[in-house]
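Trainee: 3D, please:
(chains A and B)
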Amino acid sequence: MKITRSGYAGIAFTLVVFLLLPAVANGQWVKVFTSAACFTLVTAGIAFMYSRLGMVSLGQVALMGVGGWVMLRMNHGFDFPFEINLAIAATVTMLFGWILALPALKMRGLYLALITLMAAGGIEVVLSTYRFPNGGSGFWGVLPSVAAPFRRPVIAESDSAYLQYVIVVVAIGFALIDLHRRAAPGRAWAMIRRSEAAALASGINVVYYKAWAFGLSGLLAGLGGALLAGSLGLLDSATFRASESIMLFALAVVGGSRYWLGAVIAGLLYRVLPALFNDWGWDADLTLVIFGVALLHAIITAPEGISGQIIALLSRKKRDTT
Amino acid sequence: MKINNNKIYGYLLAIGTVMGANLAQADVSCGQNTGKAASGDAIKVGGIHGNAAPGDFSAATDAAAAYFNCVNANGGIHGRPIEYLVENDQWNPELAAQVASKLVEDEGVVAMVGNGSFVEMSVNAPQYARNNIMSMAGACAASECFESSNIVSTNQGPLASSIGAAMYAVEELGATNIACIGLAIPSVGNWSCGAVERYMTSKNLQGSSVLLNPTAPDVNSGLLEAVASGADSILINLPAGLAIAFLNSAQEQDFGDVYSWTSSTPLYDASVPGALDEYWTDKVFVNAELTTLDGQGPDNQNWLAVMDAFANPEDPRDTFSQSGYLSARFFVDTLQAMPADKIDDRNAVTAAIKDIKGYRSDLICGAYYVGEAKRHMPNHAGIMVVLKDDGFEKVRDCYEYESPYFAELIETEKSLKLR
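Mentor: Next comes the predicted model:
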């Protein structure tokens, strides 16, 4: 399989951040970048559904909460290794994404967005009512006391090693999206995006391939939530509010949904910028103003987002030099 | 040389300000009390509070900062100043973990003092244990704060305070069936109201919990649930704003004389009497974890003087402020007793804090101690006040709370010869 220039750039970027970030970042920033990487994975799912199928899902951060819940439940309920728990959390979230998708797939555009948003609101109510498992007994596993220890991967118990582990999983997530894009689902998605009627006429099962996309996006959200649970050892429902799903979708548009770089930019804007503001003693809520302005800018002048602008700039420079 | 009037007024104002500050500082007692500013390399100390919706828990770190400023102006610790680094977790677990890493790993603070949050302790308790650092907290509200090896607080938290209120309801108000109104946060509402239920059961009486959804609390349905429980006494265990809303709802139903009313500490706030109708005068009995805010004891008076001289005028003077001050004072006393060459060594500081036993203050009823234990709650005795038109009035002086929860603590205190 031919690796594109974007693919080489992605591999190089992964190698650089894998080696550089843990070496240069101190304790605080290792945690910030780990969070940013988890949300980058979720944004990648949002962005690919939007750019490949034109589907707007406003429930991905809530699905991330589902992944985190399953991860914590597995960790406190069983003695499986981290990787098994991670795979189960991602699979359950994927199934959850599918179930969510089935009634929603008859809708499109604004109605689809509203349905996913309402689902996110429902998940928010459940998570804030029943909370996240912390080592208690029973199905919900909530203990009214100190959380039981969380087992990280054997090869990544320190914060720095865990950041590297998360970077590798994020890179695998991007590779998974790219594999799908090049195979039959990618071709079906491209035709569905162009015209559902034409896709149906060509014998493409529209509902099947749309559900596939929802499932893949749910899998990535589940991975992101499970990795975030591993970073902190516990989770809080406030992280997975429905409003956060809207914010992350907006940032996916700001970053640019067509390119992997867009998801990375969105993840950095979502978690690194507020941390920088906090570090400088500024109110982190000011970032919301910046995000709003950036969204306006993206909608009016840069439909392919910041990553689209960067790639256009690099292409123009290359043309000028040749 | 001609000096104009403006300059003269300027000089007089400057002299007056300096004299005023000196006069204000003359009443305070901090650290070595030398009156000389500390110098040399700073001793780094950290603090984390939560300040965002649903509330501001920065009073304890504000008071600790004021006390450290006072110590720095009075000779410091072994002549060296304290650099107090305070971060806000904004009630966000990710941010709480990040700022703890910044303080503990990157800044290398020797201890955490005055922490106040719902979130911070839950997330960071394992990190404090892993890094062998002690947190001398001031505004704890969650179980993790009292059930961790490396966190000890001067305040009591909702469990002890609620049991104190329940005891008063049973012993003085004749309650036989208490409905405890809390927030549905496992380590806060479930934990503390659950303990009230167990206290009532231990007395062969009845108790129940009514837990409100913290993201969308509905006080009317909570009140109806409490009424349906068959209770004859209602114990409000909510943040002050919600507690006021709950009481307003009960006033609309004219339930003031139908039930006896008690509350844990959050209602003991100077702004509450003004926010409630005089309908509630002499009806609401509130447990206070530390002494009354106008307490005449020397340490409480010193807290007020330190706040006047070294804190911002807008910083709250409430229970959390008292406990933040007290944590800072006990921390300074501990470091002063250490050899000068050991106060930068985190392991030595942690060992010294864990070695604390028998510190006294008129701000708290019992002795303050730490010890090597899996949980810490040195302050588990308090007072009761009743709501009046313009404030509160003490109705019961220091009394120790009864509950199976305190049995292990009492054994520890006996072994330390503190009882």
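
Trainee: what about the longest strand in chain B?
Mentor: Secondary structure of chain B per DSSP state E: the longest strand is strand B:392-400.

Trainee: Just the helices from the chain, written as ranges.
Mentor: Since no chain was named, I'll use chain A. A:5-24, A:27-53, A:60-77, A:82-104, A:109-130, A:159-182, A:184-194, A:196-201, A:206-232, A:242-255, A:260-279, A:286-300, A:305-321 (DSSP state H).

Trainee: not quite, I wanted chain B
Mentor: Along chain B, the segments classed as helices by DSSP H run B:5-26, B:59-72, B:93-101, B:120-130, B:143-146, B:157-173, B:191-202, B:219-228, B:240-252, B:272-275, B:298-310, B:319-336, B:346-354, B:407-415.

Trainee: pLDDT wise, what is the nearest residue to B:A373 once chain neighbours are set aside at?
Mentor: Distances taken as Cβ to Cβ, 6 or more residues apart in numbering or on different chains put B:T412 closest to B:A373, at 6.2 Å, once the chain neighbours are dropped. C-beta: built from backbone N, CA, C; applies to glycine. pLDDT for B:T412: 88.

Trainee: about what we covered before: in CSV, list the helices of chain B along with mean neighbour count.
Mentor: Formatted as CSV, the helices of chain B follow (neighbours: other Cβ atoms under 10 Å in any protein chain shown):
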stretch, mean neighbour count
helix B:5-26, 11
helix B:59-72, 28
helix B:93-101, 26
helix B:120-130, 24
helix B:143-146, 28
helix B:157-173, 25
helix B:191-202, 22
helix B:219-228, 18
helix B:240-252, 20
helix B:272-275, 16
helix B:298-310, 20
helix B:319-336, 27
helix B:346-354, 19
helix B:407-415, 14
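
Trainee: Which residue comes closest to B:C70 once chain neighbours are left out?
Mentor: Setting aside the residues directly before and after it, B:C70 is nearest to B:C30 in space (Cβ to Cβ, 6+ apart), at 3.7 Å.

Trainee: Wait, that neighbour touches B:V71, no?
Mentor: Yes - counting by Cβ atoms under 8 Å, B:C30 does reach B:V71; the two are 4.7 Å apart.

Trainee: what residues are shared contacts of these two?
Mentor: Taking Cβ atoms under 8 Å, 6 or more residues apart in numbering or on different chains as the contact rule, B:C30 and B:V71 both touch B:V332.

Trainee: low-scoring stretches of the chain, by residue?
Mentor: Looking at chain A here, since you left the chain open. Scanning chain A for pLDDT under 70 picks out A:1, A:104, A:322.

Trainee: wrong one, chain B
Mentor: B:1-26, B:53-54, B:215.

Trainee: Quick check: residues of it near chain A?
Mentor: B:87-88, B:90-95, B:97-99, B:101-102, B:104-106, B:119, B:122-123, B:125-126, B:143-144, B:147-148, B:184-187, B:190-191, B:194, B:213-215 (Cβ under 8 Å from any Cβ of the partner chain).

Trainee: which residues does B:I178 contact?
Mentor: Residues in contact with B:I178 (Cβ under 8 Å, 6+ apart) are B:166, B:169-170, B:196, B:200, B:205-208, B:231, B:233-235.

Trainee: any idea what sits nearest the most centrally placed residue in chain A, other than its immediate chain neighbours?
Mentor: Residue closest to the average C-alpha location in chain A (Cα atoms, centre = their mean): A:V42, at 0.5 Å. Nearest non-adjacent residue to A:V42, counting by Cβ to Cβ, 6+ apart: A:G224, 4.1 Å away.

Trainee: Tell me how many other residues crowd the one you found.
Mentor: Counted by other Cβ atoms under 10 Å in any protein chain shown, the residues lying close to A:G224 total 34.

Trainee: likewise B:D345?
Mentor: By the measure other Cβ under 10 Å, the count of residues near B:D345 is 14.
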